[in-house]
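Trainee: Whatever this is, show me its structure:
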Amino acid sequence: MKVLLVCNAGMSTSILVQKMEMAAKEQNIDLTITALGFTQAEKVLKEWDIVMLGPQVRHQLVGLEKAAEGQVPVEVINMRDYGTMNGANVLKRAIEIVEARK
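Mentor: Here you go, the predicted model:
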C-alpha cells in the first residue's frame, strides 16, 4: 500500500511516517509512505493509494480532493491520532479507506 501524508514543513509528519512504518512492519504490511508539502503533493497524489492530510493543513482538503478527481481517497488525519503520533491508528484508518474502495 502506498500512503502519502501531506503537511506544511514536515517535521512532525516525518515522525508519524516512522511510527506508521513501525506499525506496518509489526503487522507484516507492505507499506510505502512519504510526507510532502501541499504544493509537491498536489503534483503526484494520483500515484498513491491514499492521501492523508495533517490536521494543520485540513484547509487544503477540498483542493486536493478536486485534484484527485475521485481517483484517490483524500482524508484528514484524526487530530488525536496525529497529536499523539499514533501511527498504528493512522495506518489502520488508511487501510480501512483503501479496502472500502475495492
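
Trainee: From the rest of the structure, what touches the lowest-mean-pLDDT helix or strand in the chain?
Mentor: Least confident helix or strand of the chain, by mean pLDDT, DSSP states H and E, is helix 38-44 with a mean of 89. Here helix 38-44 makes contact (C-beta atoms under 8 Å, 6 or more residues apart in numbering) with 4, 6, 8, 36, 51, 57, 60, 63-64, 67. Where C-beta positions appear, they are placed from N, C-alpha and C, glycine not excepted.

Trainee: Only alpha carbons, please: show that helix as PDB.
Mentor: What follows is helix 38-44, C-alpha atoms only, in PDB (Å, rounded to 0.1, in the frame of the first residue of the first chain):
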ATOM      1  CA  PHE A  38       0.900  20.600  -0.200                       C
ATOM      2  CA  THR A  39       2.500  22.000  -3.400                       C
ATOM      3  CA  GLN A  40       4.600  18.900  -4.000                       C
ATOM      4  CA  ALA A  41       1.800  16.500  -3.100                       C
ATOM      5  CA  GLU A  42      -0.700  18.100  -5.500                       C
ATOM      6  CA  LYS A  43       1.500  17.100  -8.400                       C
ATOM      7  CA  VAL A  44       1.900  13.400  -7.500                       C
END
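
Trainee: Determine how far it lies from the middle of the whole chain.
Mentor: 13 Å (C-alpha atoms, centre = their mean, to the nearest Å).

Trainee: Leu31: neighbour count?
Mentor: Look at Leu31: counted by other C-beta atoms under 10 Å, it has 18 neighbours.

Trainee: isn't it right up against Met20?
Mentor: Yes. Using C-beta atoms under 8 Å, Leu31 is in contact with Met20, at 7.0 Å.

Trainee: Quick check: end-to-end length of stretch 34-54?
Mentor: Using C-alpha to C-alpha, to the nearest Å, the end-to-end distance of stretch 34-54 comes to 13 Å.
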